[in-house]
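>>> model the following, please.
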Amino acid sequence: MTSLAKRTLVGASAAASALVIGLAGTAAAATFGFNKTSSTGKAEISGTYEYHVSGTIPQTNEKIYAGSFKGATARDKVAGDGYEAVLALSYQDWKGGAWHPVTNYVAVVNGSKSWTFKNKKDVKAYACDRKVGTTKLLNCRAAW
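Here you go, the predicted model:
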């Protein structure tokens, strides 16, 4: 086999492998928009959530996820009432060889931001009210 033929076959093989890897990565990802109000309707959250399998736990083959929130927004629909809008999260965090539950994590307050995450599972977003100057989340509703 000539050098040109070998280079052509290697190049074609690499291109095919890249295509397969790219398609597999795309197929494994899930992206969706979300929009939800708190149970009082005073707070509204919205944005885009994406997640994909980023690995597995060797002992159990359980999947670990990575992903992002883009344009994640918490909007106060009743300004001046003494409450603010909160986008809160709950999830399981993989640290030190074990899953650790995280609840009522305040991600956004009366604003918008984007971020990425890794080593998580069971991620959920909530629209919540919170009295200004306090930490207790009220009237939360899950976006999914």
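
>>> from memory Glu82 sits against Val132, does it?
For residue 82 the amino acid is Gly, not Glu. Yes: counting by CB atoms under 8 Å, Gly82 touches Val132, with 5.6 Å between them. Every residue, glycine included, has its C-beta placed from N, CA and C.

>>> figure out the helix or strand that Tyr51 lives in.
Tyr51 is part of strand 43-56 when elements are defined by DSSP states H and E.

>>> what about the following helix or strand past that strand, average pLDDT?
Counting by DSSP H and E, the next helix or strand C-terminal to strand 43-56 is strand 63-76. For strand 63-76, mean pLDDT rounds to 99.

>>> identify each buried residue in strand 63-76, please.
Of all the residues in strand 63-76, those buried under the rule 16 or more other CB atoms under 10 Å are Ile64, Tyr65, Ala66, Gly67, Ser68, Phe69, Lys70, Ala72, Thr73, Ala74, Arg75, Asp76.

>>> surely the fourth one and Phe32 touch.
Which is Gly67. No: applying CB under 8 Å as the test, Gly67 and Phe32 come out as separate, 11.0 Å apart.

>>> any shared contact partners between these two?
By CB atoms under 8 Å, 6 or more residues apart in numbering, Gly67 and Phe32 have these common neighbours: Tyr49.

>>> distance of the nearest residue to Lys113 once chain neighbours are set aside relative to Asn139?
Closest residue to Lys113 apart from its sequence neighbours, by CB to CB, 6 or more residues apart in numbering: Ala72 at 6.1 Å. Distance, Ala72 to Asn139, by CB to CB, to the nearest Å: 19 Å.

>>> then Ser38?
4 Å.

>>> and Gly41, by the same measure?
From Gly41 to Asn139 the distance is 9 Å (CB to CB).

>>> show me what the lengthiest strand in the chain is packed against.
Ranked by number of residues, the top strand in the chain under DSSP state E is strand 111-131. For strand 111-131, the elements it packs on are strand 30-37, strand 43-56, strand 63-76, strand 83-95, strand 98-109, strand 138-142, judged by 3 or more CB pairs under 8 Å, 6 or more residues apart in numbering; DSSP states H and E.

>>> the residue nearest to Lys113 contacts Ala107, doesn't it?
Yes: the criterion here is CB under 8 Å, and Ala72 meets it with Ala107 at 6.6 Å.
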